[in-house]
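Asks: Show me how the following folds:
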Amino acid sequence: MDRFRRLARKVLEETDRKAFFDSVVDAAVEATGAERGLLVGKDRDKLNIVSARNVDQESLKGRAARLSMTIAREAMSQGSTVLVADATREESFSGSESVGELGLRSVLCVPVWLGGEVVAALYVDSRFIPGAFGQHDAHTLETLADVAALYFWKGTRDDAQQRLLSQVQELTAEIAELKTQLDEAGAMFRTSAEGEPPRSRTTPSFPPMIGESPAMLPVYSVIEKVLDNDITVLVTGESGTGKELVARAIFTYGRRKNGPFVAINCSSIPSTLIESELFGHNKGAFTGASRDKKGRFEVADGGTLFLDEIGDMPLEMQGKLLRTLQYGEIQRLGSVSTRTVDVRVVAATNRKLEEMVAQGKFREDLYYRLNIVSIEVPPLRYRKEDIPLLVRHFLEENLKQGFSRVKGISPQALSVLRKYTWPGNVRELETVLKSACLFADKELLEAGDFEGLMRSDSLSLHLEPTDPSFADGRSLEEIEKDVILGALNKNHGNKKRTAIELGIDRRTLYNKLKRWGIPLSGGSHG
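Replies: Residues are numbered from 1 along each chain as shown. As a prediction, this is how the structure comes out:
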């Protein structure tokens, strides 16, 4: 009786499934005096051994764990106890290959019932003693089978609860996503009494920078920290993400806001002219130099100089730039004297300067001089929550410029924009909206207005590991992030389908999205 009480307590307390069923089989062997005991489970029509134990309470493996499948199947198919005094003499079982090989004499097998269905069988045997088991042993084994059934029931209940919990979590996320989409759609439609376009719900930290997504918050945080000093800043990010807006925000809201802001694109100026553009020249310095000319550093004196695409600056110019950054001095072409300038430099690039340094294409000392503080602007595919705000802003700009009468966008059209991966980032979104507005027939953009304006191969990411551009110098986490977000886009934000497609657990998917600052509700990643 104590044995059964202990097992009954374990039903509630034991979380290790194998340990519990081993205890049941040990109790069966001890109570019946059997040589071996086994618990056999059923997976469709196939039987599998859940636990196999000997009289010394040791687990059995290989040949030692074999049993008479014929007798086990008989008990499970008939749903009744099978008691065999001497299997070698029983006509029903003596022909069984397993009975002959194992030399079985006494066998006792009882079914385990759960909800009107046999789910397992509890089996004991003895190879040496005929008639080793009687009716009392059969009743004992049937009681132990009922205890095992309770644990099977508990496992079924726990699995059902976990499935319900997962469904509740997914439904909660989907409801939140729908609410977000409704809020966004409502904000798009909403106009003031005067009929003006709707205003943004929340003003970003540094207008005209637009974005309230988690991916943009680190950008704003670093900008705020560097505003009131002259430290050099390196802005990185893909083309079209808005790197110049970051530079202008640092200038506009910083202590140099009353000085000039001068921008130069290092990739658009021929290498033979870039020194003159940066540092200026004196009359006669070279053919065509008919007058003195100030360089961009002199023009930006007292303000901020933005060096865009710094990674494309010729190697021979990088040393001269480094000297200016270190000492604040420039020398015009054709001059033997130096001039002192007071300029804050913000540089930007879409290239990986660390790799260029390793390849000898960019000076290491200049890299470290520029990269005192770095700000990485996220691509639009990582901040799709900002698409409604950006759309609203660009529609307002189009209205102000007078070439469009479009005032809003339908939820279906907004959904199309959110499913696209935007390889050209915010700049591409602005261009696509201008084109859609130009040819739209109504004041509300519909999904059909965007047909042919976006690359069909970018509606989801299709990069494969065999594609030579797949890694492209990125870290494993960056590649993983692109693959997961691409799968989410392809599955229209459905996390369950995405997890199945990627072969990962849904909780794992949620944890990764949370770590990357991507909301579990709202948008195509919701």
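Asks: any idea how the chain splits into domains?
Replies: Following automatic domain parsing, one gets these domains for the chain: 2-159, 179-194+381-515, 217-377.
Asks: Just want the phi and psi numbers for Arg73.
Replies: phi -60, psi -40 (degrees, to the nearest 10).
Asks: So for it, what's the pLDDT?
Replies: Note on Arg73: pLDDT of 86.
Asks: can you tell me how far it sits from Asp16?
Replies: Distance, Arg73 to Asp16, using Cβ to Cβ, to the nearest Å: 28 Å. Backbone N, C-alpha and C define where each C-beta goes, glycine included.
Asks: okay, these two: which has more neighbours?
Replies: Per other Cβ atoms under 10 Å, whichever of Arg73 and Asp16 has more neighbours is Arg73, with 17 against 10.
Asks: nearest spatial neighbour of Glu224, skipping sequence neighbours?
Replies: Ser205 (7.0 Å; Cβ to Cβ, 6 or more residues apart in numbering).
Asks: tell me the mean pLDDT over stretch 451-463?
Replies: 59.
Asks: whoops, stretch 114-127 was the one
Replies: Rounded mean pLDDT across stretch 114-127 is 89.
Asks: Ala173: which of the domains of the chain is closest?
Replies: Checking the domains of the chain against Ala173 by Cβ to Cβ gives domain 179-194+381-515 as the closest, at 7.2 Å.
Asks: want to throw the domains of the chain into a markdown table with distance to Met209?
Replies: Below are the domains of the chain laid out as a markdown table (distance: least, Cβ to Cβ, whole Å):
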| stretch | distance to Met209 |
| --- | --- |
| domain 2-159 | 49 |
| domain 179-194+381-515 | 10 |
| domain 217-377 | 5 |
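Asks: least reliable of these going by mean pLDDT?
Replies: domain 179-194+381-515 (a mean of 77).
Asks: distance between the ends of it?
Replies: 23 Å (Cα to Cα, to the nearest Å).
Asks: Give me the distance from it to the chain's centre.
Replies: 16 Å (Cα atoms, centre = their mean, to the nearest Å).
Asks: ok, now which ones touch the residue nearest to Glu224?
Replies: Each residue near Ser205 by Cβ atoms under 8 Å, 6 or more residues apart in numbering is listed here: Tyr220, Ile223, Glu224.
Asks: same thing but at 10 Å, please
Replies: Ser205 sits next to Gly211, Glu212, Met216, Leu217, Val219, Tyr220, Ser221, Ile223, Glu224, Ala249, Tyr253 when contact means Cβ atoms under 10 Å, 6 or more residues apart in numbering.
Asks: ok, now how distant is the closest residue to Ser271 other than its chain neighbours from Gly295?
Replies: With sequence-adjacent residues excluded and distances taken as Cβ to Cβ, 6+ apart, Ser271 is closest to Pro314, at 4.4 Å. To Gly295, Pro314 is 16 Å away according to Cβ to Cβ.
Asks: More neighbours: these two, which one.
Replies: Remark: of Pro314 and Gly295, Gly295 carries more neighbours, 25 against 13, as counted by other Cβ under 10 Å.
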